[in-house]
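Asker: Provide a 3D model corresponding to the input given below.
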Amino acid sequence: MANETRVGDARMDVADLYREEIFTDRKVGTLRVLQPVTGAGAPDPARPTIYQGEAQLMTSMGPLPISFDIDADNLADAVERYGEAAKVGVDRAMRELQQMRREAQSSIVIPETGALPPQGKIQLR
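Answerer: Got it, this is the predicted structure:
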């Protein structure tokens, strides 16, 4: 990931702060509303509000959290578009899981030279 920050380099950007509010219907999922704010905590109307949805996909390994952006102008619009955005987010997560499985299945482990004893000979150490 290009945006990864090492723990020692973790610094918050005062020009990119958001106040977070969480909404849920306690049935389907969660909406996070990220309101842009200035360094003083005042609303920053120059930047757009961000709407993010969250859901869980049940897998054999347990619940897998899924996060996805929702293109919306307000909270009611985000609630209305939640279902379609969730479907897109789950589809993306499923493709990523399938890709990870393919990569894991196709990986070949080659032992280091000299790591295995010569065939047919028993070696005691």
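Asker: Would you map the helices across this protein?
Answerer: 75-106 (DSSP state H).
Asker: Spell out for me which residue occupies the centre of it.
Answerer: residue 67 (5.7 Å; CA atoms, centre = their mean).
Asker: all strands of the chain, in order?
Answerer: 17-24, 30-37, 50-59, 62-70 (DSSP state E).
Asker: Which residue comes closest to residue 35 once chain neighbours are left out?
Answerer: residue 19 (4.6 Å; CB to CB, 6 or more residues apart in numbering). C-beta: built from backbone N, CA, C; applies to glycine.
Asker: State the distance from the one you found to residue 74.
Answerer: According to CB to CB, to the nearest Å, residue 19 stands 16 Å off from residue 74.
Asker: same thing with residue 46?
Answerer: For residue 46 relative to residue 74 (CB to CB), the value is 18 Å.
Asker: if you count what's nearby, which of those two comes out ahead?
Answerer: residue 74 (11 against 7; other CB atoms under 10 Å).
Asker: could the strands of the chain go into CSV alongside mean pLDDT and distance to residue 99?
Answerer: Shown next, in CSV, are the strands of the chain (pLDDT from 0 to 100; distance: least, CB to CB, whole Å):
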stretch, mean pLDDT, distance to residue 99
strand 17-24, 96, 30
strand 30-37, 97, 26
strand 50-59, 91, 15
strand 62-70, 92, 15
